[in-house]
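Novice: here is my input, please return the structure:
(one chain, ligands or ions: 1)
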Amino acid sequence: MSAMQEEIRRRRTFAIISHPDAGKTTLTEKLLLYGGAIALAGSVKGKKNSRHAVSDWMEIEKQRGISVTSSVMQFNYQGFCINILDTPGHQDFSEDTYRTLMAADAAIMVIDASKGVENQTRKLFKVCVMRHIPIFTFINKMDREARNPFDLLEQIEQELGIKTYAVNWPIGCGKEFRGVFDLETRHILSFEGDSGKHMVSQTAVSPDDPNLAAVIGKENHAQLAEDIELLDGASEEFDLEAIRAGELSPVFFGSALTNFGVEPFLRRFLELTPPPLARNTPEGEVSPFDEDFSAFVFKIQANMNKAHRDRVTFLRICSGKFTREMEVYHVQGDKKMRLSQPQMMMAENREVIDEAYAGDIIGVFDPGLFSIGDTICAPGKKICFEGIPTFAPEHFARIRHKDTMKRKQFVKGVMQIAQEGAIQIFHEPDTGMEEVIVGVVGVLQFEVFEHRMRTEYNTEIIRENLGYQYIRWIGGNVEKPSALTISGDTKLVQDFRDQYLLLFTSEWNIRWALERNEGLELLDFSKG
Ligand code: G4P
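Specialist: Alright, predicted model coming up:
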C-alpha cells in the first residue's frame, strides 16, 4: 500500500448530532481529551452562545474565530486520524448541520437518557438516512435519572426506523448508576465517578466475580442478570454490513460529563466506522484512494474577520492528496487556480497546512468564487460531485431595501449570504432582485440576516413576514408551472437556480394541489 493510501485508510470523518442539551459539546470535548488535542475539558466554545437570542448570536459573532475553528477538529488517536465535524447547537441553524452531514462518513447521535428521541434528533436523523451513513448512538447522562434502557431502544427503533445493537448495557442510573456491562467482552466496567476533568480509570469486573453483588448492589445485580438474559435472547445480532449501511445502530450507554464509557465507545466506534467513503458523480463513483485530488464545498463562512472581509470556504477532500502548491480546477467556475492559504483546524488552533488527504476538511480563503456544492479537482479532470440538497425552509418573509440608493449593496449582501447557505432566496417569476422572498429554517436566521445586512453591507432592510408555512419543489411531469391549478393563497416562485416551487399556507393546500394536478410531485428538498 502506498503512503498516500495508508494515510487515507487511517482517517475517520464524522459528525455528532443531537437535540440541544443532550450533551454533544460535552462528548466532543471528551473525545478531544483522549486525542490529547486539548489539555482539559471545557474548552470547546462558541455553541453555548447561540442558544437563546440574537444578542447571544452577536456574542458568537465576536467569537467567530472560535466558532469557526471549532467547525472541524482533527486529532490523532491510536493510529487513527480523526476529523470531527462540529454542528451548531441551536436548531435555528440546523440547515448548517444538514450540509455538514453531507461531508461526514458517519454520525454519532447523542441522546439524553431521560428524554429519549427528541425533535431535532428526528430531523437530523432523516438526513443521515438519506446518505446511508453508519449511525452510532450514545445514550448520555446515565448518571442522572434515566428511562428504562429497553424503552429507549424501542423508541429509537420505532420512531427512527433503525434497528439497534446494544454494545453495552447500563447498570442502574442516577445516584444508583454503577457502570455498564459490555455485551461483547462480557465484562463490567464499573463507574467510580469523576469530576470529568481527567480520564477515569475504569475497572473491568467479570460478571461471575463473587464480589460483584457487593460492588454494584444486590438489586442491580439481580436486574442485570435479568436484562442480560432478555438481551441474549432478543437483541439483534452483530452485523457489520448492516452497521455500515446505516441499517443497524450500535448503542452505547455512558455519561459524557463524568467521562464514563467515552473511551471504550471511541475505540469501538473507530473499529466499526469505515475509512473515507467513495462519492457519487453522474459518471460513477470516485474512490477516496484515487491518485487524483478531488473535493467539494460543503460550507462557506463569510466575513469572519470584518476588518478583512474574508470568506472561508470549507472543502471536504474526497480523493487523493492535496498539497499546498498544487494547481486545482474549479469545475463550476471553469477555472484553474491555487487554493489560497489552505488551513486545517486543530481544536482551537488554525494552521496553514502543506498537505491533506481524502477524508480531511480544509478551509481556504475565497474571494467569492465558490458556492455550496461546487467541485474542485485535479486539472484535466472534469468530475462533478452530486450536489448538496437544499432543505425546505419553514419561515418566509418578503424583504426590500429601505434606501433605494443602496440597491447594489442590497443585492450583493442578499446574494452572498444566500451563497453561504445562511438563507434561501426565492423570487416571483419574472421579477428582479429588488424584492425577494427569504426562506429560513429557524426564525433566528432572519434576525441574523438583518443584523449582517446592516453591519456587513451597510443596508437597512424592510421585512414583511409572510404567512406561508411550507415550500415544495415542483417535480414530476409539469410542463408549465404557471398553468398549475393552485388555491388563491398558494404562490409560485423560483429559486436561484430558476427551479419552480410552490409556497403553501397549510398542508391542506398541498393536498389540494396534488389532487387537482395529475402527475404533480412536490418535494421537500432539492437535490442541488
Ligand atoms: P449540547 O451540546 O448537546 O447542547 O449539550 P452540552 O454538551 O452543552 O450539555 C448540556 C448540559 O448537559 C450541560 O449542562 C452539560 O454539563 C450537561 N451534561 C452533558 N453530559 C452530561 C452527563 O453525562 N451527565 C450529566 N449529569 N450532565 C451532562 P449545563 O448546566 O447546561 O451547562 P454547563 O453550565 O454545565 O456547561
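Novice: hmm, residue 17 is touching residue 122, no?
Specialist: No - Residue 17 is beyond contact range of residue 122, at 10.7 Å (criterion: CB atoms under 8 Å). For the C-beta atoms, the positions are set from N, CA and C on the backbone; glycine is no exception.
Novice: okay, the two: which has more neighbours?
Specialist: Neighbour count, other CB atoms under 10 Å: between residue 17 and residue 122, residue 17 has more, with 27 against 12.
Novice: not counting its neighbours along the chain, what's nearest that one?
Specialist: Closest residue in space to residue 17, ignoring its immediate chain neighbours: residue 124 at 4.3 Å, by CB to CB, 6 or more residues apart in numbering.
Novice: what about the helices in the stretch 51-200 of the chain?
Specialist: With DSSP state H, counting those that start in this stretch as the criterion, the stretch 51-200 of the chain has helices at 54-62, 64-69, 94-102, 119-131, 149-155.
Novice: try the stretch 351-500 of the chain
Specialist: 407-420, 444-457.
Novice: number of residues surrounding residue 514?
Specialist: Residues near residue 514, counting by other CB under 10 Å: 14.
Novice: spatially nearest residue to it (excluding sequence neighbours)?
Specialist: Residue 514 sits nearest to residue 520 (CB to CB, 6+ apart), 5.9 Å away.
Novice: ok, how many other residues are close to the one you found?
Specialist: For residue 520, the neighbour count with other CB under 10 Å is 20.
Novice: spit out the contact partners of it.
Specialist: 474-476, 478, 484, 513-514 (CB atoms under 8 Å, 6 or more residues apart in numbering).
Novice: can you check residue 327 too?
Specialist: Residue 327 makes contact with 336-338, 379 under the criterion CB under 8 Å, 6+ apart.
Novice: for it, give the beta-bridge partners.
Specialist: Beta-bridge pairing for residue 327 (DSSP bridges): residue 338.
Novice: from the ligand, how far out is it?
Specialist: The gap separating residue 327 from the ligand is 40 Å, by CB to the nearest ligand atom, to the nearest Å.
Novice: ok so, going back, show me the two of the contacts of residue 327 that sit farthest apart.
Specialist: Pairwise distances across those (CB to CB) peak at 10.9 Å, for the pair 338 and 379.
Novice: quick check: neighbours shared by these two?
Specialist: With CB under 8 Å, 6+ apart, residue 338 and residue 379 have common neighbours 327-328.
Novice: all strands for the stretch 351-500 of the chain, in order.
Specialist: With DSSP state E, counting those that start in this stretch, the ranges of strands along the stretch 351-500 of the chain come out as 355-357, 361-365, 375-377, 390-391, 395-401, 424-427, 436-440, 461-466, 470-476, 491-495, 500-504.
Novice: lowest average pLDDT across these?
Specialist: Lowest mean pLDDT of the strands of the stretch 351-500 of the chain: strand 390-391, a mean of 79.
Novice: paired strands for it, with orientation please.
Specialist: strand 525-526 (antiparallel).
Novice: need the mean per-residue confidence for the partner strand.
Specialist: 76.
Novice: residues in contact with that strand: which ones?
Specialist: So strand 525-526 is contacted by 389-392, 473, 495, 497, 499 (CB under 8 Å, 6+ apart).
Novice: so where is the stretch 151-300 of the chain shaky, pLDDT-wise?
Specialist: 193-205, 207 (pLDDT under 70).
Novice: up against the ligand, what does it have?
Specialist: Contacts of the stretch 151-300 of the chain with the ligand, taken as CB under 6 Å from any ligand atom, map to 255-258.
Novice: how about the chain?
Specialist: 18, 20-26, 47, 89, 140-141, 143-144, 255-258.
Novice: re earlier: so what's the residue nearest to residue 17 up against?
Specialist: Shown in contact with residue 124 (CB under 8 Å, 6+ apart): 17-18, 94, 97-98, 101, 107, 109.
Novice: kindly recompute the last result at 10 Å.
Specialist: Residues counted as contacts of residue 124 (CB atoms under 10 Å, 6 or more residues apart in numbering) are 15, 17-19, 87, 91, 94, 97-98, 100-101, 107, 109, 135.
Novice: of all those, which comes closest to the ligand?
Specialist: residue 18 (4.5 Å; CB to the nearest ligand atom).
Novice: ok, how many other residues are close to that closest one?
Specialist: Neighbours of residue 18 using other CB under 10 Å come to 24.
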